[in-house]
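Undergrad: Predicted model and sequence follow; I will ask about them next.
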Amino acid sequence: MIPATTKKPPECAARALRTDVRVTFDDSTGTALLRGPVTSLALRPVRGPLRTVLHRLAEGPLPREELYEGLDGAGRRRADALLERAGHLLAYSVLTHDEPPLRRELVRLEPTARDARHRVADVAAGARVRLSRFAFCRSREGVLVLESPLVTFRAVLVDRAARELTAALGQPGRAGSAGEATGLSEAETLDVLSHLVGLGFAELADPDGTFASDTEPVLRQWDFHDLLFHSRIRSGRYDEAFGALYPYRGEIDPQPAVKPAPQGPATELYRPRRADIDARDPSLTAAVESRRSHRTFGERALTARELGEFLYRVQRVRVHRTPGPDAPGEDEVVSRPYPSGGSLYELELYVTVLRCAGLEPGVYHYDSYAHRLVLVSAAEADRRALLGVASRSVGFEVRPDVLVTVTSRFQRMAWKYRAMAYATTLRHTGVLYQTMYLVATAMGLAPCGLGNGDADLSARVLGLDYLRESSVGDFLLGTPAAATGLPADPGGEWHMVNSPEWAIPLDGSGKQGGDEKSFAP
């Protein structure tokens with residue numbers, strides 16, 4: 001958030017090309033090309049004084065007067081217009097107050113969005129200041145940088161004094177004395193703080209001693225990691241490469257489209273006939289409208305036939321395409337019953353069988369290509385451990401017939417997608433959840449998607465490398481309990497909204513039947 005005390009940058013603010021931007025000139029057309037890591041900008045006509053300004057910008061940060069030295073009024077106006085157009089490829093710099101050649105660059109502020117606006121704040125020496133709770137430091141290209149999902153700039157901490165000052169801001173303190181241990185003067189310290197506060201990296205205390213990121217209602221409801229994740233998985237306020245860029249092609253081999261099945265005893269599963277399913281399935285509308293989450297389950301055990309049909313309809317490989325020698329640049333892809341970005345299908349299913357007629361208890365991997373279950377672990381302790389996590393997610397002890405653990409082969413996505421690979425995996429997990437809900441509902445089973453799971457525990461039980469493949473979702477499946485359907489009149493707290501005739505008649509199994517009206521949350 002930008003404090004109310006912000007003002008425009010002072011006229012003496014130092015400017016330079018970003019260190020990752022290069023400028024070239026075409027003398028025949030008078031064009032200057034500024035080429036950045038993601039975007040480029042052509043400027044024309046650029047001759048004489050304007051060319052001199054660009055050369056100076058490329059050499060390092062200079063205050064405005066030194067940058068424009070030798071330009072008349074018209075030349076300065078043209079230079080201002082040039083800098084305005086190229087703003088996203090330029091950086092603001094905070095310098096020490098020394099005269100050249102002793103003057104040092106302390107902090108370089110690089111825009112990360114095309115519409116970024118640089119602001120500075122009035123910071124009094126006696127004001128209390130600290131870093132925003134959303135600000136963080138990381139190493140980038142060998143330099144420590146300060147970033148925040150609230151800010152459309154990156155603060156490159158060029159000088160040791162700036163890094164030490166940033167560390168001191170981890171605790172609230174008096175602004176004028178924040179740089180005491182850094183060798184900076186009070187005036188230089190306040191210069192740096194005016195930029196960090198103005199942009200939102202740091203914040204001033206309110207009169208009551210509190211800070212906005214702790215008390216402002218909207219910010220209070222954002223966790224740090226959630227807001228950072230949101231700011232990085234969609235383009236707009238971040239300047240690094242994004243999308244289907246194949247960043248590791250030619251350097252790292254891609255993961256196969258189909259995961260090789262683990263070694264172990266295998267159980268072939270029932271393969272349903274399409275005609276049989278078409279003859280007995282409810283309509284899509286009936287499945288959607290009667291879908292609900294079940295957290296208690298029936299006395300009848302799930303059968304191996306039902307589990308086989310469920311997995312076949314949810315996750316089997318339908319088509320496998322391997323590009324031939326005439327198309328070496330194309331991806332190896334598969335198709336499954338739900339959509340997946342790039343047809344990459346990085347999700348795998350592991351089935352913990354607790355009670356299933358015709359199938360021994362155990363932890364299995366679903367081989368979606370051969371449509372079979374391969375035993376991973378027969379240990380009861382492993383089943384109990386996974387079920388314990390599921391129970392904590394629900395809030396009480398659950399006893400489903402089957403617990404489905406959804407894992408992701410992360411590098412399958414990251415080999416193609418930059419900056420959005422994990423976010424897309426989570427989208428796929430949601431799509432798979434809905435597919436499992438609808439198939440289970442159509443089959444008259446009791447489904448429940450879980451909101452939490454233990455990725456470390458499941459990786460150990462399943463024998464996986466946490467960084468290569470670990471869990472991103474968990475799903476309960478069983479038969480419906482006899483008394484779990486909502487009554488026709490669920491009580492005064494529930495009110496049918498929009499069209500009452502959309503309420504799906506239920507017969508207790510989740511399928512259409514009977515004359516009573518009910519609805520599912």
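TA: All right, it came through fine.

Undergrad: Around the nearest residue in space to residue 252 that is not next to it in sequence, how many other residues sit close by?
TA: Leaving aside its sequence neighbours, residue 252 sits nearest to residue 415 (Cβ to Cβ, 6 or more residues apart in numbering; 6.7 Å). Where you see a C-beta, it was placed from the backbone N, CA and C, and this is true even at glycine. By other Cβ atoms under 10 Å, 21 other residues sit near residue 415.

Undergrad: my read: residue 415 touches residue 254, true?
TA: Yes. The pair residue 415 / residue 254 is scored as a contact, 4.6 Å apart, by Cβ atoms under 8 Å.

Undergrad: coming back round to it: distance of the residue nearest to residue 252 from residue 251?
TA: Applying Cβ to Cβ, to the nearest Å, one obtains 10 Å for the distance of residue 415 from residue 251.

Undergrad: Also residue 493?
TA: From residue 493 to residue 251 the distance is 58 Å (Cβ to Cβ).

Undergrad: As a check, name the ranges of all helices in the stretch 1-150 of the chain.
TA: 49-59, 64-67, 73-85 (DSSP state H, counting those that start in this stretch).

Undergrad: Mind listing what's buried along the longest one?
TA: Neighbour counts over helix 73-85 (16 or more other Cβ atoms under 10 Å) mark 75, 78, 79, 82, 83 as buried.

Undergrad: what's the top helix by length along the chain packed up against?
TA: Identified as the longest helix of the chain according to DSSP state H is helix 421-442. If contacts are counted by 3 or more Cβ pairs under 8 Å, 6 or more residues apart in numbering; DSSP states H and E, helix 421-442 sits against helix 284-290, helix 304-315, strand 347-353, strand 402-409, helix 410-414, strand 446-450, strand 469-478.

Undergrad: re earlier: could you dump the helices of the stretch 1-150 of the chain into a markdown table with distance to residue 19 added?
TA: As requested, those are exported to a markdown table (distance: least, Cβ to Cβ, whole Å):
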| stretch | distance to residue 19 |
| --- | --- |
| helix 49-59 | 10 |
| helix 64-67 | 17 |
| helix 73-85 | 17 |
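
Undergrad: Make CSV from the ones you listed and add mean pLDDT and distance to residue 284 to it.
TA: Shown next, in CSV, are the helices of the stretch 1-150 of the chain (pLDDT from 0 to 100; distance: least, Cβ to Cβ, whole Å):
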stretch, mean pLDDT, distance to residue 284
helix 49-59, 92, 60
helix 64-67, 92, 65
helix 73-85, 90, 52
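
Undergrad: closest to residue 108 out of these?
TA: With distances scored as Cβ to Cβ, the stretch of the helices of the stretch 1-150 of the chain nearest to residue 108 is helix 49-59 (12.8 Å).

Undergrad: by contact count, what packs against that closest one?
TA: Packing partners of helix 49-59 (3+ Cβ pairs under 8 Å, 6+ apart): strand 14-17, strand 22-26, strand 31-35, helix 64-67, helix 73-85.

Undergrad: Would you mind giving the orientation angle of the longest one with respect to strand 31-35?
TA: Direction vectors for helix 73-85 and strand 31-35, defined by axes from the mean of the first three to the mean of the last three Cα atoms, to 10 degrees, enclose an angle of 30 degrees.

Undergrad: Would you mind measuring from the residue of the chain most remote from its centre to residue 30?
TA: What lies farthest from the middle of the chain is residue 72; by Cα atoms, centre = their mean that is 49.3 Å. Residue 72 is 19 Å from residue 30, where distance means Cβ to Cβ.

Undergrad: beta partners of residue 138?
TA: Going by DSSP bridges, residue 138 is paired in beta bridges with residue 145.

Undergrad: mind checking how far it is from residue 156?
TA: 11 Å.

Undergrad: Also residue 427?
TA: Distance from residue 427 to residue 156, by Cβ to Cβ: 33 Å.

Undergrad: Output the below-cut-off pLDDT ranges for the chain.
TA: The chain contains residues with pLDDT under 70 at 1-12, 483-491, 503-521.

Undergrad: Mind doing that once more with 50?
TA: 1-4, 6, 8-12, 487, 506-519 (pLDDT under 50).

Undergrad: Tell me which of the helices and strands packed on helix 421-442 lies nearest to residue 177.
TA: Of all the helices and strands packed on helix 421-442, it is helix 410-414 that lies closest to residue 177, at 45.1 Å by Cβ to Cβ.

Undergrad: just checking, next helix/strand downstream of the closest one?
TA: strand 417-418 (DSSP states H and E).

Undergrad: what's that following strand in contact with?
TA: Strand 417-418 is contacted from outside by 240, 241, 242, 243, 244, 245, 247, 341, 342, 424, using Cβ atoms under 8 Å, 6 or more residues apart in numbering.

Undergrad: Report the buried members of the residues you listed.
TA: The buried subset of these (16+ other Cβ under 10 Å) comprises 242, 341, 424.

Undergrad: Which of those sits closest to residue 461?
TA: Distances from residue 461 to the buried ones among the contacts of strand 417-418, taken by Cβ to Cβ, are shortest for residue 424, at 25.9 Å.

Undergrad: Contacts only, for that closest one.
TA: The neighbours of residue 424, taking Cβ under 8 Å, 6+ apart as the test, are 341, 413, 417.

Undergrad: Could you rerun that using 10 Å?
TA: With contacts defined as Cβ atoms under 10 Å, 6 or more residues apart in numbering, residue 424 is in contact with 233, 340, 341, 342, 344, 346, 408, 413, 414, 416, 417.

Undergrad: repeat for residue 241
TA: Taking Cβ under 10 Å, 6+ apart as the test, what residue 241 contacts is 37, 38, 247, 418, 419.

Undergrad: so which of those is the most crowded?
TA: Among the contacts of residue 241, residue 419 has the most neighbours (other Cβ under 10 Å), with 18 neighbours.

Undergrad: Surely that residue touches residue 413?
TA: No. Assessed by Cβ atoms under 10 Å, residue 419 is found out of contact with residue 413, at 11.2 Å.

Undergrad: shared neighbours, those two?
TA: Contacts common to residue 419 and residue 413, judged by Cβ under 10 Å, 6+ apart, are absent.

Undergrad: circling back: thought residue 49 was touching the residue farthest from the centre of the chain, still the case?
TA: Yes. Between residue 72 and residue 49 there is a contact at 8.3 Å, judged by Cβ under 10 Å.

Undergrad: Tell me the span between the first and last residue of stretch 195-204.
TA: Using Cα to Cα, to the nearest Å, one end of stretch 195-204 lies 12 Å from the other.

Undergrad: Likewise for stretch 458-471?
TA: Start and end residues of stretch 458-471 are separated by 7 Å (Cα to Cα).

Undergrad: Over to stretch 66-76?
TA: Terminal residues of stretch 66-76 are spaced 12 Å apart (Cα to Cα).

Undergrad: Distance from the chain centre to it, please.
TA: From the chain centre to the centre of stretch 66-76 is a distance of 45 Å (Cα atoms, centre = their mean, to the nearest Å).

Undergrad: buried stuff in the longest helix of the chain?
TA: 421-425, 428-429, 432-433, 435-442.

Undergrad: That helix to strand 347-353, inter-axis angle?
TA: Going by the same axes, to 10 degrees, helix 421-442 makes 50 degrees with strand 347-353.

Undergrad: ok and helix 421-442 relative to strand 469-478, angle-wise?
TA: Inter-element angle recorded for helix 421-442 and strand 469-478: 20 degrees (by the same axes, to 10 degrees).

Undergrad: which one is residue 413 nearest to, not counting chain neighbours?
TA: residue 421 (3.9 Å).

Undergrad: Likewise for residue 245?
TA: Distance criterion Cβ to Cβ, 6+ apart; nearest residue to residue 245, sequence neighbours excluded, is residue 418 at 4.6 Å.

Undergrad: if I look at that neighbour, how far off is residue 243?
TA: 6 Å.

Undergrad: Would you mind putting the contacts of residue 241 into a markdown table with distance to residue 149 alongside?
TA: Conversion of these to a markdown table gives the following (distance: Cβ to Cβ, whole Å):
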| residue | distance to residue 149 |
| --- | --- |
| 37 | 20 |
| 38 | 19 |
| 247 | 23 |
| 418 | 18 |
| 419 | 14 |
